[in-house]
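Novice: any chance you could fold what I've pasted below:
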Amino acid sequence: MKKWLLSFVLISFFVGVVSADEASVADGLSKVIPSVTKDQVSKTPIDGLYQVIVGARVVYVSDDGRYIIQGEMVDLVNRENMTEEALKLARKSELAKVDEKKMIIFPAKEQKHTITIFSDIDCGYCRKLHAKIDSYTDAGMTVRYLFFPRSGRNTESYFKAISVWCAKDRKQALTDAKLNNKVVN
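Specialist: Sure thing, here's the model as predicted:
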């Protein structure tokens, strides 16, 4: 339903548009979706087709506004999923907006890379990953944790995350919760 609604909204706006560039596509979309800016619109390698990032989705709009394409654009010559590449950049941009004070960070000895993990204290795979935290930081990876209790709010996992977050030593509390099944209240 959401896909259909997004397509309908975008198509209904663009009917009558003859020619477009990033600014006019963004301007047109902003009348229907106020949060769309020129920065979210870019040309594609296909003449007359623009890529628009709307939230966590990428859609493609023809320059005349007649067509909207939802799906993935793949460059077969370079074997590159262009839609996924656009989403990677969007994700990086959104993560950059998160204040590191909202994270639990295990810094690398000599930082080469940074990874951000959305973690659930009760997730078995998250626990396995955390059991190797020292090997990651020794290898030059700074590990940043954000909580994502899979079972949602007001659940046991959620309250464990809050206990860890409110602990005096968050890093130790996270390690204790993940590896020792011990949560400080």
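Novice: pull out the buried residues from the longest helix belonging to the chain.
Specialist: As assigned by DSSP state H, the longest helix anywhere in the chain is helix 82-96. For helix 82-96, a neighbour-count test (16 or more other CB atoms under 10 Å) marks 82, 83, 86, 87, 90 as buried. Glycine gets a C-beta too; all of them are placed from N, C-alpha and C.
Novice: can you check stretch 147-157 too?
Specialist: So for stretch 147-157, counting by 16+ other CB under 10 Å, buried means 147, 149, 157.
Novice: do I have it right that residue 61 meets residue 70?
Specialist: No: contact criterion CB atoms under 8 Å: residue 61 and residue 70 do not qualify, at 10.5 Å.
Novice: for the spatially most central residue of the chain, give me its contacts.
Specialist: Centrality entry for the chain: nearest residue to the mean C-alpha point is residue 91, 3.5 Å, by CA atoms, centre = their mean. Contacts for residue 91 (CB atoms under 8 Å, 6 or more residues apart in numbering) come out as none.
Novice: what pLDDT does the model give it?
Specialist: Here the pLDDT value assigned to residue 91 is 87.
Novice: before we move on, back to that, redo the buried residues of stretch 147-157 as TSV? Include distance to residue 40.
Specialist: Formatted as TSV, these follow (distance: CB to CB, whole Å):
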residue	distance to residue 40
147	28
149	30
157	34
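Novice: looking at the residues you listed, which are in strands?
Specialist: residue 147 (DSSP state E).
Novice: OK, contacts around residue 165?
Specialist: 104, 147.
Novice: which SSE is it in?
Specialist: helix 156-166 (DSSP states H and E).
Novice: which parts of that helix are buried?
Specialist: 157, 158, 160, 161, 164.
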